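[1] Okay, sequence plus prediction incoming.
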Amino acid sequence: MGIQITSSGMHTTVQDQGRNGYQRYGFSVSGAMDSFSYRLANFLAGNTDQEAVLEMAGTGASFIFTESNTLAVTGAECCPKLDGRALKMNQPVWVEAGVELTTGVIKNGTFSYIAFAGGLHIPEVMGSQSTSTRYGVGGLYGRTLRIDDEIAFKAPLKSGQVKGLERGLSLNAPEKKEVTTIRFIMGSEPDLFSKTATETFLDTAYTVSSQSDRMGYRLKGSRIGTDQQQDSLSEGTVLGDIQIPPDGQPIVLMADRQTTGGYPVIGTITTVDIPKMVQCTPGEKVRFLPISLEEAHDLLKQQEEWFKSFEENRLSLKNGNASFKEKQSSELTVFEEWDNEKIKDIISVVDKSTLTLFTYKDDRIRIRIDKQQQVTDVMSEDAPVPETEEPSVPEQSTFTIYSNLVGLFFSRPHPDAPPFVVEGESVRADQTVARVEILNIQYDILAGTNGIIQSFFVENDQAIQYGQPLIELTVQEEA
């Protein structure tokens, strides 16, 4: 068969290169948002760059293999595990039938991808397997995946052989900067924008809005005026177009964009930088750098040469290699585990430092050291809490809510509404106390325990990261 979904994630769909050639009939292209990660996943799985993959946004999906096959996980970090055992991304991994792959919150980006050797058995609609939830076509019934959905493999490997790439790739996630530079080509109608408007656009660091999705990324910053807004005629849209609507706030068109648009276009993002733009999360800042068409072509050629050499290297190593299934070892797939000594070292370093509050959290361990309240809290799946020579501390009476998503934090349902809760208010464990939004998808944050709201660590409409403390409560037996 293939896979059976056990957790659907926030927004998981089937995507490929897109439904090209049908915009003139009113159908958006769709396809993978991050084309680089999409292609990389397919190459690692031994496919051509046209096979359908799973695209996950916000939080990852999980599923059980009902048939053995090889997979590859790429894109933003999603903490993949096989039956609870952490595995590295950007490498082919052989998975036996009956094993469950789980993925978690997507970090340092928005989209992650999973490719399967031989592809997925999904019918084509207008020459593509891509899902368009806007039109309800493609993918699996034209919608996001749901628990208990089943997808068959098209041509799975029988021996676990993906020769030439047994050790995967050493790809480091791009370092997140305070402002991400996005290269673009100036539009073909410069007369639509005054010199002042163009300079304002180039000088502004724009913030990615929470009102961003697969159709387009809305940006917030200095207003851009247009000289001939009313005279603009509708024309076909292009991936990466930067439109300027009447409110002067730029919109970057993405995979599910409308087929035509009449807003003036100040420029178009280069093909190689669209994945970088796509992986920006709400609250991140971007600045646009104009380059020439020739420079953009050179950048694209360099990327294509990299993929070409990547494929040639795999083919040159293919003959004579041992089975990937035989060579795959735990040292390639398992991250370094926590132990008591490492936890003690962290506690000791923080104790000797000037820090008053230290928190760390990943899928295996959570550490919180608060010197002011004399609290050291360690919770771990891999290692017991180490015994230290520190004096015993009183039982913790506070509870901190941490973010399990990357997005924008909202303390109100909408701008004109009262807050979900206020400081000093009693709450129940199942009560909504805040909301996080990403890609126009809202995720309610529950109190998690009966108690009294003590303080907020973040402001309304503030960008937050995974693991960031949000709200502190005083624990009560009854709310």
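    All right, it came through fine.
[2] mind giving me the domain ranges of this protein?
    Domain assignment for the chain, taken from automatic domain parsing, gives 2-170+303-333, 179-291, 340-475.
[3] For G31, give its distance to T271.
    The gap separating G31 from T271 is 13 Å, by Cβ to Cβ, to the nearest Å. C-beta: built from backbone N, CA, C; applies to glycine.
[4] could I get the domains of the chain as TSV with mean pLDDT, mean neighbour count and distance to H297?
    Supplementary listing: the domains of the chain in TSV, determined by pLDDT from 0 to 100; neighbours: other Cβ atoms under 10 Å; distance: least, Cβ to Cβ, whole Å:
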stretch	mean pLDDT	mean neighbour count	distance to H297
domain 2-170+303-333	86	19	10
domain 179-291	91	18	9
domain 340-475	75	16	31
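[5] Thought F288 was touching M186, still the case?
    No. Because the distance of 9.8 Å does not satisfy Cβ atoms under 8 Å, M186 is recorded as not touching F288.
[6] can you list residues touching both of those two?
    When contacts are counted by Cβ atoms under 8 Å, 6 or more residues apart in numbering, the set common to M186 and F288 consists of G267.
[7] which stretches of the stretch 201-350 of the chain form helices?
    274-278, 293-318, 324-327, 330-333, 340-352 (DSSP state H, counting those that start in this stretch).
[8] what sits against the most centrally placed residue in the chain?
    Geometric centre of the chain, nearest residue: T110, 2.1 Å, by Cα atoms, centre = their mean. Counting by Cβ under 8 Å, 6+ apart, T110 touches 33, 57-58, 76, 278-281, 406, 438-439.
[9] Which two among those residues are spaced furthest apart?
    Greatest spacing in the contacts of T110, by Cβ to Cβ: M33 and V406 (15.4 Å).
[10] Dig out what V14 forms beta bridges with.
    The residues paired with V14 through beta bridges, assigned by DSSP bridges, are L54.
[11] OK, contacts around S30?
    Contact criterion Cβ under 8 Å, 6+ apart gives 15, 18-19, 128, 130-132, 138, 214, 255-256 as the residues in contact with S30.
[12] hang on, the earlier thing: among the contacts of T110, name the ones in strands.
    Of these, the ones assigned to strands by DSSP state E are 57, 76, 438.
[13] I'd guessed the first one sits against Y443; true?
    No. Using Cβ under 8 Å as the test, A57 is too far from Y443 to be in contact (11.8 Å).
[14] Touching both of the two, which residues are there?
    Contacts common to A57 and Y443, judged by Cβ under 8 Å, 6+ apart, are M10.
[15] sorry, back to before: show me the two of the contacts of S30 that sit farthest apart.
    S128 and R214 (14.8 Å).
[16] And what about V29, helix, strand or coil?
    Three-state assignment for V29 (DSSP: H, G, I helix; E, B strand; the rest coil): coil.
[17] And for it, nearest residue in space, chain neighbours not counted?
    In space, V29 comes closest to G18 once its chain neighbours are excluded; the distance is 4.2 Å by Cβ to Cβ, 6 or more residues apart in numbering.
[18] F184 too?
    Taking Cβ to Cβ, 6+ apart as the measure, F184 lies nearest to G267, with 4.3 Å between them; neighbours along the chain are not counted.
[19] That neighbour: what's it in contact with?
    When the contact criterion is Cβ under 8 Å, 6+ apart, the partners of G267 are 184-187, 242, 288, 290.
[20] redo that, cut-off 10 Å
    Shown in contact with G267 (Cβ atoms under 10 Å, 6 or more residues apart in numbering): 182-188, 190, 193, 198, 201-202, 240-244, 250, 288, 290-291.
[21] With Q468 instead?
    Contacts of Q468 were listed using Cβ under 10 Å, 6+ apart, and they are 359, 361, 402-406, 409, 457-458, 462.
[22] Now do it against N404, distance only.
    Between Q468 and N404 the distance, using Cβ to Cβ, works out to 10 Å.
[23] ok so, going back, the contacts of T110 into a markdown table, with extra columns for distance to A86?
    What follows is the contacts of T110, written out as a markdown table (distance: Cβ to Cβ, whole Å):
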| residue | distance to A86 |
| --- | --- |
| M33 | 25 |
| A57 | 21 |
| G58 | 20 |
| A76 | 16 |
| V278 | 25 |
| Q279 | 22 |
| C280 | 26 |
| T281 | 23 |
| V406 | 20 |
| I438 | 24 |
| L439 | 26 |
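[24] now, among those, which is nearest to T70?
    Using Cβ to Cβ as the measure, the one of the contacts of T110 that approaches T70 most closely is A76, at 21.4 Å.
[25] Any figure for the gap between the closest one and S112?
    The gap separating A76 from S112 is 5 Å, by Cβ to Cβ.
[26] can you list residues touching both of the two?
    Applying Cβ under 10 Å, 6+ apart, one finds that A76 and S112 are jointly contacted by 34, 37, 56-57, 60, 89, 106, 279.
[27] Considering those, which is situated nearest to G424?
    Comparing the shared contacts of A76 and S112 against G424 with Cβ to Cβ places I106 closest, at 34.6 Å.
[28] pretty sure that closest one contacts T74?
    No. Taking Cβ atoms under 10 Å as the definition, I106 is not a contact partner of T74, at 12.0 Å.
[29] which residues touch the residue nearest to V29?
    G18 sits next to 28-32, 35, 38, 127-130, 132, 138, 239, 255-256 when contact means Cβ under 10 Å, 6+ apart.
[30] Those: which two are farthest apart?
    Checking the contacts of G18 against each other with Cβ to Cβ, the farthest-apart pair comes out as Q129 and L239, at 18.4 Å.
[31] just to revisit the earlier point, just flag the most distant two among the contacts of Q468.
    When Cβ to Cβ is used, the two most widely separated members of the contacts of Q468 are K361 and Q462, lying 18.7 Å apart.
[32] Return the alpha-carbon coordinates of stretch 431-451 using PDB.
    As requested, the backbone C-alpha atoms of stretch 431-451 are provided in PDB (Å, rounded to 0.1, in the frame of the first residue of the first chain):
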ATOM      1  CA  GLN A 431      -9.700  27.400  28.500                       C
ATOM      2  CA  THR A 432      -8.300  29.400  25.600                       C
ATOM      3  CA  VAL A 433      -5.900  32.100  26.800                       C
ATOM      4  CA  ALA A 434      -4.300  33.300  23.600                       C
ATOM      5  CA  ARG A 435      -4.000  32.500  19.900                       C
ATOM      6  CA  VAL A 436      -1.100  32.000  17.400                       C
ATOM      7  CA  GLU A 437      -1.500  32.600  13.700                       C
ATOM      8  CA  ILE A 438       0.500  31.400  10.800                       C
ATOM      9  CA  LEU A 439      -0.400  31.300   7.100                       C
ATOM     10  CA  ASN A 440      -3.900  32.600   8.000                       C
ATOM     11  CA  ILE A 441      -4.400  29.500  10.100                       C
ATOM     12  CA  GLN A 442      -5.200  30.100  13.800                       C
ATOM     13  CA  TYR A 443      -4.100  27.900  16.700                       C
ATOM     14  CA  ASP A 444      -5.700  28.300  20.100                       C
ATOM     15  CA  ILE A 445      -3.500  28.200  23.100                       C
ATOM     16  CA  LEU A 446      -5.000  26.500  26.200                       C
ATOM     17  CA  ALA A 447      -4.100  27.200  29.800                       C
ATOM     18  CA  GLY A 448      -3.000  23.600  30.400                       C
ATOM     19  CA  THR A 449      -3.800  23.800  34.100                       C
ATOM     20  CA  ASN A 450      -6.200  25.400  36.500                       C
ATOM     21  CA  GLY A 451      -4.800  28.600  37.900                       C
END
